[in-house]
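>>> Model the structure of this input:
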Amino acid sequence: MRLEGKIAVITGTAGGIGRATALRFAEEGAAIVGADVTEVANNETASLVQQAGGTMISVTVDVTNSDSVAAMITTAEQHFGRVDILFNNAGVMLAGDDDAITTSDEIIDRTLSINVKGVIYCCRHGIPALRRAGGGSIINTASFVASLGAATPQIAYTASKGAVLSLTRELAVIHAREGIRVNALSPGPLQTEMLMSFLDTEEKRQRRLVHVPMGRFGQASEMANAALFLASDESSYMTGANLQVDGGLTAAYVTPEG
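Numbers count the residues shown, from 1 in each chain. Modelled structure (predicted):
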C-alpha cells in the first residue's frame, strides 16, 4: 500500500474531490481525518470509508477560522499521534461570481476567505504538526484557472486559485529543508456538484468543454489518484510543482513562456 501507516488530514471531505480522496487514501492504507463545515455529509463520507474497510474520523471545521483549524490539527494528533499528509482541498465557487464590475463584495470576500485564508490557516497549524512528525506532504487544490483565464467570468474564484498557486511555491521554498514538500493540484473542469451548479445550462457546459482537448469533464476520482501521487513517496523529489490534471486544457492555451 502506497500510504501504509500514514495519517492524512483532508479538508472538504463532504463531497467531490475531498470525498473521493478520502476513499482513495484509505484504500492505500492511510488513516483519514476528514474535515468539512458540512457535518452530515462529512459523516456520510466517514461511513463510506469505514464500509470500504478504511479508517476515518469526521471533524467539523470552518477553514476561515484559525481557531477552528487549530482544533482540527489538535484532534488529528490526539487521535492518531501525528500528521503526515495535509490536503488543503476545501474551497468554494459561488453563484454570482462574475466579472470585476458586477461581482459583489460579499462574494469576493467569502471566496477569498475560504479559498485563500483557509489554505494559509491550514498551513499555519498543519506545518508545525508535520515538523513534529519529521516531515510530510502538503497538497493545495488550485485550478487550471490559476494559469489561464476562465471562459466564463468567475473573477473571485480565479483570483483565489492564482493566490493558492503562488502560496504553494513560496511555502515549498521556505520548508524544503525541513522535509516538508508542498505541491499544488490543478484540476481542469470536473463533473462535480460545485462546478455543475455553476455551469447550470448546457450552453455554459459546452462553452467550457470546447476548450478541453479531451472533450469531457474530469472525475473526482481522477483528481484523487493525482493527489495520491503527490502524497506518496513516489513524488519524493517534487516540491513547489503544479500538477495539472486538466484534460490537456492548459497545454492547448499556455505558451512555453507562460
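>>> What's the biggest helix in the protein, counting residues?
Across the chain, the longest stretch assigned as helix under DSSP state H is helix 155-175.
>>> hmm, who's touching that helix?
Here helix 155-175 makes contact (C-beta atoms under 8 Å, 6 or more residues apart in numbering) with 91-94, 97-100, 103, 107-108, 111-112, 115-116, 119-120, 123, 127, 138, 140-143, 145-147, 149-150, 181-184, 186, 239-242. In short, each C-beta sits where N, CA and C put it, glycine included.
>>> So V40 versus S58, what's the distance?
Separation of V40 from S58 (C-beta to C-beta, to the nearest Å) stands at 10 Å.
>>> now Q154
Distance of Q154 to S58, given as C-beta to C-beta: 30 Å.
>>> where in the protein is pLDDT low?
198, 255-258 (pLDDT under 70).
>>> okay, which residue is most central for it?
Nearest to the geometric centre of the chain sits N89, at 2.3 Å (C-alpha atoms, centre = their mean).
>>> Enumerate every residue touching that one.
I10, T11, G12, T13, I17, G18, T21, I139, T141, A227.
>>> cool, and L48?
Applying C-beta under 8 Å, 6+ apart to L48 gives the contacts R19, L23.
>>> hang on, it is in a helix, isn't it?
Yes - assessed by DSSP: H, G, I helix; E, B strand; the rest coil, L48 belongs to a helix.
>>> hmm, back to that, what about V40 and S58, which has more around it?
S58 (22 against 9; other C-beta atoms under 10 Å).
>>> bridging residues for the more buried one?
G34 (DSSP bridges).
>>> quick one: it and I32, what's the gap?
The gap separating S58 from I32 is 9 Å, by C-beta to C-beta.
>>> Give me the common contacts of these two.
Common neighbours of S58 and I32 (C-beta under 8 Å, 6+ apart) are T13.
>>> For the protein, identify the residue most remote from the centre.
Most peripheral residue of the chain (C-alpha atoms, centre = their mean): I101, 28.1 Å.
>>> That residue: what secondary structure?
With three-state DSSP as the criterion, I101 reads coil.
>>> Out of the contacts of helix 155-175, which sit inside strands?
In this view, these that belong to strands under DSSP state E are I138, N140, T141, R181, V182, N183, A184, S186, N242.
>>> The fifth one against T239, yeah?
This points to V182. Yes - here V182 reaches T239: they are 5.9 Å apart, a contact under C-beta atoms under 8 Å.
>>> Same drill for these two, tell me which one is more crowded.
V182 (29 against 20).
>>> who's that one bridged to?
Residues in beta-bridge contact with V182 (DSSP bridges): I138.
>>> so what's V254 up against?
Taking C-beta under 8 Å, 6+ apart as the test, what V254 contacts is S147, L148.
>>> coming back round to it: ok, the contacts of N89 vs T64, which is closest?
T11 (11.4 Å; C-beta to C-beta).
>>> what sits against the closest one?
G18, A35, D36, V61, V63, M72, F87, N88, N89, A90, G118, C122.
>>> Can you report phi and psi for the residue nearest to the centre of the chain?
As for N89, its main-chain torsions (degrees, to the nearest 10) stand at phi -110, psi -20.
>>> so how far is R181 from it?
Taken as C-beta to C-beta, the span from N89 to R181 is 16 Å.
>>> go on, V210?
Distance from V210 to R181, by C-beta to C-beta: 36 Å.
>>> Look at the two and report which has more neighbours.
In terms of neighbours (other C-beta under 10 Å), R181 is the more surrounded of V210 and R181; the figures are 24 against 9.
>>> ok, the nearest residue to that one once chain neighbours are set aside - contacts?
Take R181 and drop its neighbours on the chain: the residue closest to it by C-beta to C-beta, 6 or more residues apart in numbering is T239, 4.2 Å away. T239 is in contact with A172, A176, R181, V182, N183, counting by C-beta under 8 Å, 6+ apart.
>>> Nearest to E27 among the residues you listed?
Closest to E27, out of all of the contacts of T239 and judged by C-beta to C-beta, is N183, at 20.9 Å.
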